[in-house]
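1. next comes the sequence, and after it the predicted model I'd like to discuss.
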Amino acid sequence: MYACKIYKLLEKVAGTVTINSTVGVQAIARAASLKIMGEAIFDHPDVADPQPLDSFWLNPFRPDPDRAQAFYQQLKGLTQVPAALYDAASVPLRWHELLSDRPGGDQ
């Protein structure tokens, strides 16, 4: 098995198929062809292919890079909290600091 950064793969693939995964978000960030098979907040016709799966592989939709980046930035701002959940257990996550400068966060 080989280790690889997912963003490097997404720059070279013909398309990405996911159910509901952060891989889909990374595909949007790179304006890669994306087919969603489940329910995902990012299943939007500007960034994800609405065609059936067999049609997707024959003629994958690639989103406009500017629209994909705008969608990604909004999605990231609304749903993602910057944190490394794989850090050592002794490192506190300090959610109150992360959320205090977000709309609706603690003041």
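-> Received, thanks. Everything numeric in this text was worked out from a predicted model, so none of it was measured.

2. which helices and strands sit right next to the lengthiest helix in the chain?
-> Ranked by residue count under DSSP state H, the longest helix found in the chain is helix 65-79. Here helix 65-79 touches helix 22-29, going by 3 or more CB pairs under 8 Å, 6 or more residues apart in numbering; DSSP states H and E. The C-beta positions use only the backbone N, C-alpha and C, and glycine is treated the same way.

3. coming back round to it: hmm, who's touching the longest helix of the chain?
-> For helix 65-79, the surrounding residues in contact (CB atoms under 8 Å, 6 or more residues apart in numbering) are 25, 28-31, 41-42, 44, 46-47, 63.

4. redo the residues you listed as CSV? Include pLDDT.
-> Shown next, in CSV, are the contacts of helix 65-79 (pLDDT from 0 to 100):
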residue, pLDDT
25, 91
28, 94
29, 93
30, 93
31, 93
41, 90
42, 91
44, 93
46, 92
47, 95
63, 94
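
5. only the buried subset of those residues, as a PyMOL command please.
-> Burial among the contacts of helix 65-79 is assessed by 16 or more other CB atoms under 10 Å; the matching PyMOL selection reads:
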select buried, resi 25+28+29+30+31+42+44+47+63
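
6. let's have the contacts of helix 65-79 in JSON lines, adding distance to residue 6.
-> Listed next are those as JSON lines, based on distance: CB to CB, whole Å:
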{"residue": "25", "distance to residue 6": "10"}
{"residue": "28", "distance to residue 6": "13"}
{"residue": "29", "distance to residue 6": "10"}
{"residue": "30", "distance to residue 6": "10"}
{"residue": "31", "distance to residue 6": "15"}
{"residue": "41", "distance to residue 6": "19"}
{"residue": "42", "distance to residue 6": "15"}
{"residue": "44", "distance to residue 6": "20"}
{"residue": "46", "distance to residue 6": "22"}
{"residue": "47", "distance to residue 6": "17"}
{"residue": "63", "distance to residue 6": "18"}
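
7. flag the shaky bits of this structure, pLDDT-wise.
-> Where the chain drops to pLDDT under 70, the residues are 1-2, 82-96, 98-107.
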